[in-house]
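S.K.: Sharing a model prediction with you, sequence too.
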Amino acid sequence: MIPINTQLPIAVGFVDSRQGGRAENQDTCGYADTPLGLLVVVCDGMGGGPSGKAASSTATDVIIQTVRSGKLSDSPLTVLQQAIKMANQALISEIQKKPALRGMGTTVTALLINEYSAIAAYVGDSRIYQFRRGHKKFRTFDHSMVFEMVRNGTINEEQARLSEQSNMITKALGANSDIEADIVELPYEKGDRFMLCTDGIWGMFPERKLIDIVAGTSSLGGAVESIVIRVDEEGIANGGKHDNLTVALIETNSNSILKEKMSTKIRNILFALIFICCVSIAGNIIQGFYLPGQAVASSKSEELDIEALQKVWSEKLQAEFDEKLRKSEQEQKRTIDSLSQIITNNPGKAKEYMEVIINQYDIIERLDDIINNLQELRDVSEGKEKEQKLKETVAMVQKLEPELKKKYGISENEFNGKEKNGREYGILLLLKQNIAKENSSRAQSHYDSIINRVKEIRDKIK
């Protein structure tokens, strides 16, 4: 394990790459400070003899060199996409020069992180994860045959991981000249962790266990060390022929400029708006207590103070949104502008409206907690731990049920519904079935169904 030596203050990280039970390590990991941010690349090579290692190392070198030559005025997304295309072309050129290298190729994951955002790009089945407060926030979707089956609903992700066809990928660098990486721009918060890893890491355990090890270990270096040791131990215990394993783990030191639709910053702004409402209401009450004949100057002063406070906060909010928010947050900007107008004209109504919004996001967060619990239950083994977690999850749903029905019109059937033939489909009824206590592929599909139902409820509230 080695630290990522970066001069940029945005993040820290560690990388480790091991041979596993193979004759050669065909994985490659590289990193570099660039004009566009900290770049980390992980590639998993394929092909006979030394060609797999040649493919992964060539791709890593070309991507790093290309991004390093980028300018501050360039679009990081465009530069990273172009760098991956150039790496692909470099491999194809090598194959054309040396036909014996035919079949050479590599997966690629690349993370370019700067003050504005984190850009994740990938081709193949190596992955990029984003973790926040111990939970999975984002993960790439494998370019593989089994994950196409997951997308179509034929199998679930755990069945895909255990499939004998799990290593059959549908996209790779070096396979054809027309390659396009999947690329996404992500906001991040201080303390978020990004993990780049090959299938030798994520293919060894159920995802829930992987998350617990990587996101649940407080020390960043300790998390990397723990995961590679556990993977090696598991591989040795199962015959010692396990795949190469490579992982890079990066932790952010600050919040990105790019924000999510409901980030912590925006939540604070909403609370500030409520404060303005309260100040306005208090000012009106104070004015109401003045008796006829009293000096009016004081009342006018209070009124001007309130108006000045409203103006300052309105200008502050406008500046905040003009500077920080981009296209994805234009709808929220319009909402805040509307609220500023409501505050001026009717502070009481604004306060009520803001309370509704905050309650809505509180409900969404509680539903997300239920989804996280269900994902853990899906992967955990049978026993007392699973039964206790199941009991907690049922209690969480039951506690939220009345509010969902009363305030958001979620029907009773969503929780306790049965078909005419007696088949149960309500969330609470499904959780109380015996299959919910099992650890089987059938049970995992059962939990996937429950998770989808909870997500549908959450989407209705959004």
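M.R.: Yep, that arrived. Quantities reported herein were computed from a predicted structural model and do not represent experimental measurements. Residues are numbered from 1 along each chain as shown.

S.K.: from the chain's centre, how far out does the lengthiest strand in the chain sit?
M.R.: The residue-count maximum for a strand in the chain (DSSP state E) belongs to strand 37-46. Per Cα atoms, centre = their mean, to the nearest Å, the displacement of strand 37-46 from the mean C-alpha position of its chain is 19 Å.

S.K.: Which strands or helices does it pack on?
M.R.: Applying 3 or more Cβ pairs under 8 Å, 6 or more residues apart in numbering; DSSP states H and E, we find strand 37-46 packed against strand 11-18, strand 27-34, helix 51-68, strand 105-106, strand 108-113, strand 193-197, strand 245-252. C-betas here are computed from N, CA, C, even on glycine.

S.K.: partners of that strand, with directions?
M.R.: Paired with strand 37-46 in the same sheet, following DSSP bridges, are strand 27-34 (antiparallel), strand 105-106 (antiparallel), strand 108-113 (antiparallel).

S.K.: Show me which of these has the highest average neighbour count.
M.R.: Mean neighbour count (mean count of other Cβ atoms under 10 Å) peaks for strand 105-106 among those, with a mean of 30.

S.K.: still on that earlier bit, direction-wise, compare the longest strand of the chain with strand 193-197 and give the angle.
M.R.: Counting by axes from the mean of the first three to the mean of the last three Cα atoms, to 10 degrees, strand 37-46 lies at 30 degrees to strand 193-197.

S.K.: What distance do you get for residue 57 to residue 107?
M.R.: 13 Å (Cβ to Cβ, to the nearest Å).

S.K.: Give me the more crowded residue out of those two.
M.R.: Counted by other Cβ atoms under 10 Å, residue 57 and residue 107 do not tie: residue 107 has more neighbours, with 28 against 18.

S.K.: Excluding chain neighbours, what is closest to the more buried one?
M.R.: Leaving aside its sequence neighbours, residue 107 sits nearest to residue 124 (Cβ to Cβ, 6 or more residues apart in numbering; 2.8 Å).

S.K.: for the one you found, what are its contacts?
M.R.: Taking Cβ atoms under 8 Å, 6 or more residues apart in numbering, we find residue 124 in contact with 44, 106-108, 142-144, 169, 171-173.

S.K.: And it, what's its pLDDT?
M.R.: For residue 124, the model assigns a pLDDT of 96.

S.K.: Wait, residue 22 touches residue 235, no?
M.R.: No: Residue 22 lies out of contact with residue 235 (Cβ atoms under 8 Å); the separation is 10.0 Å.

S.K.: Between the two, which is the more surrounded one?
M.R.: Taking other Cβ under 10 Å, residue 22 and residue 235 do not tie; residue 235 has more neighbours (20 against 17).

S.K.: Kindly list the main-chain dihedrals of the more buried one?
M.R.: phi -60, psi -40 (degrees, to the nearest 10).

S.K.: again with residue 437
M.R.: phi -90, psi -10.

S.K.: which ones are touching it?
M.R.: Counted by Cβ under 8 Å, 6+ apart, residue 437 has contacts 382, 386-387, 390.

S.K.: roughly how far apart are it and residue 254?
M.R.: For residue 437 relative to residue 254 (Cβ to Cβ), the value is 43 Å.

S.K.: got CSV for the contacts of residue 124, with pLDDT and distance to residue 430 too?
M.R.: CSV is the format used below for the contacts of residue 124 (pLDDT from 0 to 100; distance: Cβ to Cβ, whole Å):
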residue, pLDDT, distance to residue 430
44, 96, 38
106, 97, 43
107, 97, 37
108, 98, 40
142, 94, 28
143, 95, 33
144, 93, 30
169, 94, 34
171, 94, 36
172, 95, 40
173, 96, 43
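
S.K.: and of these, the nearest to residue 69?
M.R.: residue 108 (18.1 Å; Cβ to Cβ).

S.K.: which residues pair with the closest one across the strands?
M.R.: Residues in beta-bridge contact with residue 108 (DSSP bridges): residue 123.

S.K.: hang on, it packs against residue 122?
M.R.: Yes: the pair residue 108 / residue 122 is scored as a contact, 6.4 Å apart, by Cβ under 8 Å.

S.K.: Find the residues that touch each one of the two.
M.R.: Counting by Cβ under 8 Å, 6+ apart, the shared contacts of residue 108 and residue 122 are residue 181.

S.K.: Now for the closest residue in space to residue 53 that isn't next to it in sequence: which residues touch it?
M.R.: Residue nearest to residue 53 in three dimensions, not counting chain neighbours: residue 26, with 4.7 Å by Cβ to Cβ, 6+ apart. Contacts for residue 26 (Cβ under 8 Å, 6+ apart) come out as 44-46, 52-53, 55-56, 244.

S.K.: of those residues, closest to residue 73?
M.R.: Each of those was scored against residue 73 by Cβ to Cβ, and residue 56 proved nearest at 31.0 Å.

S.K.: That closest one is in contact with residue 106, isn't it?
M.R.: Yes: in this structure, residue 56 is within contact of residue 106 by Cβ under 8 Å, at 4.5 Å.

S.K.: Overlap of the contact sets of the two?
M.R.: Residues touching both residue 56 and residue 106 (Cβ under 8 Å, 6+ apart): 28, 43-45.

S.K.: which of the residues you listed tops the neighbour count?
M.R.: Neighbour-wise, these (other Cβ under 10 Å) top out at residue 43, 33 neighbours.
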